[in-house]
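J.: This is the structure alone, sequence omitted:
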């Protein structure tokens, strides 16, 4: 069995890509949390939760889009038991690049799950690139 892996990769000023290999089955509800951090060295509990959703274990990857440029983000996988979140694995910190058109609009973060078959197709060098409507 491979060790658990969780990685967060910057795709653009408003898009992050998360990929994971999480070989453990959760008896409770596994969830994934995306945090916006006040600075690079901050722990997630000092950041704000942008999004929390059930962990799609069969997928292995996900895109987060409509993020704010020039901010620091981290993802955690954990379990929710009796309303309390217990982190099991934390990603690296990813910083979205600044843009000249940065605004102070509130984030409307969204996530798109990438099925394993599609993720494998991209990894095999299909030459195709993901398409983000409205970006």
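T.: Received, thanks. All values derive from a computational prediction rather than experimental measurement.

J.: okay but residue 5 is in contact with residue 60, surely?
T.: No: Residue 5 lies out of contact with residue 60 (C-beta atoms under 8 Å); the separation is 10.0 Å. In this view, the C-beta of every residue, glycine as well, is placed from N, C-alpha and C.

J.: which of those two has more neighbours?
T.: residue 60 (18 against 13; other C-beta atoms under 10 Å).

J.: Looking at the more buried one now. What's its pLDDT?
T.: On pLDDT, residue 60 comes in at 82.

J.: what do you get for the one 10 residues further on?
T.: Confidence per residue is given as pLDDT, and for residue 70 that number is 90.

J.: What of the one 10 residues further on?
T.: The predicted structure scores residue 80 at 85 on the pLDDT scale.

J.: Which strand residues bridge it?
T.: Beta bridges link residue 80 to residue 29, residue 85, judged by DSSP bridges.

J.: That concludes my questions; thank you for your assistance.
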